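Novice: can you look at this prediction? I've put the sequence above it.
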Amino acid sequence: MTQLKTAVVAAPEKILVLPFADGIGDFVNMQPLLAAIARRFPGADISVAASSYANYLNSPSNPVNIVTPSWFNKEPGPVAQTLRHFIPQSVLARLAGPLFKREMGGDVDLLVNTILLWEKNMDFPRYWTPQTPPRPGAVHTLDCLANALEEELDLVIPVEERYPHVEIRPDARAWADAYMLENDLQEGKVVALIPESNMRIKKWPAASWAYLNDKLQERGFQPLFFGPPKSEQVDATEQKARRPVRRVATTLDQVAALRDQASLAIGVDTGLLHIAAAVGTHWLGIFGPTNPDVTGPYDHRIGRGLVAPFPRGESCRTCWKSFKYEDDKCHSLELGACTDFLDRRSVLIAACDMLPVALPPQP
């Protein structure tokens, strides 16, 4: 097997790619990188280690093999989580290669370990947590990995080929068309709202989502909440909203198709926001502990990130560790998170600026 930073096999038959992280947005960001690897090694059998959700986002025209290691379906135990605080992430990244190779039975000619490339090339302490005003010099994760792969695999990934793209499957598009018709949703008026995250410190208050829901409806738009079937965030929003809250929970390919028919997607830093941008929907991101220039949707031609204007002091310098070590704790606030400081009116104003001409507010 060939590791990175050694001579690359001229024509590997089997390639295993380890994504830098196992989130929905992470897999979306891997799409242009996987396409570049496929161009570099035509005819190779390419596998990607990812959870089963990736099957819904796999490119129908140029699919890769999705392999799910057994430990992906297990939550790390307390001992494992404790050890992560003491073992450098770079060491864990190096160990990932042999572990995945063993899971695959060792039948791999080329291992592309983007976990290790991410650890070696990303300046987490300086750029992960955003500053207001923004600190110059931040590099998006996708660019960080693309630049590293260019050197490691002797390939070129032009800027115009770095934009992630999720293909809409015909059956998913048919489902979305039927859903729009059955629910009296009009193309051009639907606004996708994405309030849910698996991390508390990324969430925006339910009262703010309720405000957004009500104000958008007053202006003639049709907000549609996306999230898992059981979403505490949407439930809380429903309790606080004055107008009805519409929600949808379905498979990721159908989410992509329905998101394609929305005029705008507004969401926290999560995979569903990345899907929206990857199907070409304009997006507006709500960011607190994460930097839109590093982890947000890549295509800033059709969207922007709003960063909560929280004065990030010394205790925020290690916020990135809350993500990498699964603490999910804000070390600056006893309650809530820095996203709470993003004014809901400023989000509404930004949304209206990006939406088609709205109707005047209705009583």
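Specialist: Good, I have the coordinates.
Novice: for the rest of this, base every contact and every neighbour count on C-alpha atoms.
Specialist: Fine.
Novice: can you give me the buried ones in stretch 251-268?
Specialist: Residues 252-268 are the ones in stretch 251-268 that count as buried (16 or more other C-alpha atoms under 10 Å).
Novice: could you do stretch 15-23 as well?
Specialist: For stretch 15-23, using 16+ other C-alpha under 10 Å, the buried residues are 15-21, 23.
Novice: hang on, Arg243 packs against Asp214?
Specialist: Yes: counting by C-alpha atoms under 8 Å, Arg243 does reach Asp214; the two are 5.6 Å apart.
Novice: higher neighbour count, the two?
Specialist: Remark: of Arg243 and Asp214, Asp214 carries more neighbours, 20 against 14, as counted by other C-alpha atoms under 10 Å.
Novice: for Asn121, give me its contacts.
Specialist: Going by C-alpha atoms under 8 Å, 6 or more residues apart in numbering, Asn121 touches 144-145, 148.
Novice: out of these, flag the one nearest to Val166.
Specialist: Leu145 (18.9 Å; C-alpha to C-alpha).
Novice: can you give me how far stretch 173-190 is from the chain middle?
Specialist: With C-alpha atoms, centre = their mean, to the nearest Å as the basis, stretch 173-190 stands 24 Å off its chain's centre.
Novice: would you mark the buried spots in it?
Specialist: 173, 175-177, 185, 187, 189-190.
Novice: tabulate the residues you listed in a markdown table, adding columns for pLDDT, distance to Ile201 and secondary structure.
Specialist: A markdown table is the format used below for the buried residues of stretch 173-190 (pLDDT from 0 to 100; distance: C-alpha to C-alpha, whole Å; DSSP: H, G, I helix; E, B strand; the rest coil):
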| residue | pLDDT | distance to Ile201 | secondary structure |
| --- | --- | --- | --- |
| Arg173 | 97 | 34 | helix |
| Trp175 | 98 | 34 | helix |
| Ala176 | 97 | 32 | helix |
| Asp177 | 97 | 35 | helix |
| Leu185 | 96 | 32 | coil |
| Glu187 | 87 | 33 | coil |
| Lys189 | 95 | 30 | coil |
| Val190 | 97 | 27 | strand |
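Novice: coming back round to it: go through the contacts of Asn121 and name the one nearest Tyr298.
Specialist: Distances from Tyr298 to the contacts of Asn121, taken by C-alpha to C-alpha, are shortest for Cys144, at 11.9 Å.
Novice: hey, C-alpha coordinates of the helix or strand hosting the closest one in PDB?
Specialist: Taking DSSP states H and E as the criterion, Cys144 maps to helix 141-153. Taking Å, rounded to 0.1, in the frame of the first residue of the first chain, the C-alpha atoms of helix 141-153 are listed here in PDB:
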ATOM      1  CA  THR A 141     -11.100  23.600   4.300                       C
ATOM      2  CA  LEU A 142     -11.800  22.600   0.700                       C
ATOM      3  CA  ASP A 143      -8.900  24.800  -0.600                       C
ATOM      4  CA  CYS A 144      -6.700  23.600   2.200                       C
ATOM      5  CA  LEU A 145      -7.200  20.000   1.100                       C
ATOM      6  CA  ALA A 146      -7.200  20.700  -2.700                       C
ATOM      7  CA  ASN A 147      -3.800  22.500  -2.400                       C
ATOM      8  CA  ALA A 148      -2.400  19.600  -0.400                       C
ATOM      9  CA  LEU A 149      -3.700  16.900  -2.800                       C
ATOM     10  CA  GLU A 150      -2.200  18.800  -5.700                       C
ATOM     11  CA  GLU A 151       1.200  18.400  -4.200                       C
ATOM     12  CA  GLU A 152       0.700  14.900  -2.800                       C
ATOM     13  CA  LEU A 153      -0.900  13.300  -5.900                       C
END
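Novice: lowest-pLDDT helix or strand in the chain?
Specialist: Every helix and strand of the chain was ranked by mean pLDDT, DSSP states H and E. The lowest is helix 78-84, at a mean of 59.
Novice: ok, then the element right after that helix?
Specialist: Downstream of helix 78-84 (by DSSP H and E), the next one is helix 89-103.
Novice: what mean pLDDT does the lengthiest helix in the chain get?
Specialist: Secondary structure of the chain per DSSP state H: the longest helix is helix 24-40. Regarding helix 24-40, the rounded mean pLDDT is 96.
Novice: contacts for it next, please.
Specialist: Contacts for helix 24-40 (C-alpha under 8 Å, 6+ apart): 19-21, 44, 46, 50, 53-54, 57, 62, 142, 146, 155-157, 161-166, 270-275, 278, 298.
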